[in-house]
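# Got a predicted model here, sequence first, then my questions.
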Amino acid sequence: MRVALLPLLIAAPAIALGACVPRTPPAPSSPGAETPARATPAAPLPTEAAQERGADILQEIEGIAEQYDRRVEQALQAGSLAQIPDAATGEIGFVFVNPEDSPLYSAWDTAMTQIQALNREWMDRFGSQVEPPVYTLPNPRPASDAEILRLIDRATDDYLTWLEQDDTTGSFVLMFDPYENYVHPIRIGDSYAEGEIRWAALLEYRLALLAPPLEERGPDLLAIERVFAGEAVLVDVGVTLPYDSDRGLHLYRVGDLRVLVDPHVHRIIMIDREAALGERHEAPDRGDETAETSPGALEQRATEFVSLAAPGTDLARLTPVYGQKGENSFFRWEDRGRPLLDDGRSYPFIQVALDAAGELLNFYNTLF
């Protein structure tokens, strides 16, 4: 049974920011989701002072986005960033002239950290006003995979329906992501809070229907424990990757990292930050470490991480392909003896990305 993980961010047109107060979301429309009558009193409405702070939060986010846009404009004027039309659509895109030297990476990281903090404040203040959808679990549990997938599809349709509605009624800002090289619509305020709550409800429902017994997850947990000391929590199953849709993977959360594990061979496929769009956090505790941050020390740290996350990998048999984006270092080793895709350019690889302080940004392993 293969169930693809939904994207965490779906593109949407820009919505003008204006006076905005917390709102009550519409009830789910999908037959796979039922919202029963409230069993407890509704959360108290925000006070006038809280509503004023809510408006301030949106204005602060808009100001951060505008300040970042000015940095993008400066890069265009300086010639380090150029606009080019997309050959397929004719839409204007961007391309770096000297990407390694661009200050936009650090500007983006800073802006995203600030916006995420403000969104979290909004969630803390007004998240209780959002009533999450309640996805009803059948009793007894469906015996067939087809029925389980049908229930999940209905719940997923409910989530996507909300996203489409929010595309016309929600609040977000558009910002150029220098890492992905395209413009992100970033949900803020009510749209952010409701999206987070609805996404969590959908994942919880999927997990209730699909999660294997704890004893079957033991080897997965051992693979994660070799790398991190924090508790690993299963958050999704049946996850697929664009280059390999045949393997259903397990997604775990360790602190604020996402860890994707192949349950068939119990190997870690991916590690990245759970917080999207540049938010930075501390990695789970691996002990009292004081690492040097010279290029040589970062490379050594990367190879040591490979030995933990992918034991038995012989890096000497692979081709090193190192890179730099801003202050972040990417240590990649490719197997040039076989293709990953049929494009003649992509090879199986293992990669460790570290920031300037030596903290893990992400890890990928496509070697098997």
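Great, that's in hand.

# can you confirm Ala65 is in a helix?
Yes. According to DSSP: H, G, I helix; E, B strand; the rest coil, Ala65 belongs to a helix.

# Next one, pLDDT for the spatially closest residue to it that is not a sequence neighbour please.
For Ala65, ignoring the flanking residues on the chain, the nearest one in space by C-beta to C-beta, 6 or more residues apart in numbering is Val173 at 4.1 Å. Yep, even glycine has a C-beta here, placed from its N, CA and C like the rest. Looking at Val173, its pLDDT reads 93.

# Specify the beta-bridge partners of Val173.
Ile186 (DSSP bridges).

# can you check Glu334 too?
Thr319, Phe349.

# That one is in contact with Leu318, isn't it?
Yes. Contact criterion C-beta atoms under 8 Å: Glu334 and Leu318 qualify, at 6.0 Å.

# Just want to check the distance between Arg154 and Ala201.
Arg154 is 13 Å from Ala201, where distance means C-beta to C-beta, to the nearest Å.

# quick one: which of these two has more around it?
Ala201 (19 against 16; other C-beta atoms under 10 Å).

# How about the more buried one: what's its closest non-neighbour residue?
Ala201 sits nearest to Pro132 (C-beta to C-beta, 6+ apart), 4.4 Å away.

# For the one you found, the count of nearby residues, please.
19.

# for it, what are its contacts?
Going by C-beta atoms under 8 Å, 6 or more residues apart in numbering, Pro132 touches 197-198, 200-201.

# Which single one of those is nearest to Ala229?
Taking C-beta to C-beta as the measure, Ala200 is the one of those closest to Ala229, at 25.0 Å.

# which one of the contacts of Pro132 has the most neighbours?
Top of these by neighbour count (other C-beta under 10 Å): Arg198, with 21 neighbours.

# and that one, helix, strand or coil?
Assignment for Arg198 (three-state DSSP): helix.

# quick one, what contacts it?
Shown in contact with Arg198 (C-beta under 8 Å, 6+ apart): 25, 132-133, 159, 162.

# at 6 Å instead, please
Contact analysis of Arg198 by C-beta atoms under 6 Å, 6 or more residues apart in numbering lists 159, 162.

# Per-residue pLDDT of it, please?
pLDDT at Arg198 comes out at 94.

# what do you get for Leu209?
90.

# Tell me how many other residues surround it.
20.

# Over to Pro133?
22.

# Show me which of the contacts of Pro132 is closest to Phe305.
With C-beta to C-beta as the yardstick, the closest approach to Phe305 among the contacts of Pro132 comes from Ala200, at 29.5 Å.

# In three-state terms, label the residue nearest to Ala201 for me.
Applying three-state DSSP: Pro132 is coil.
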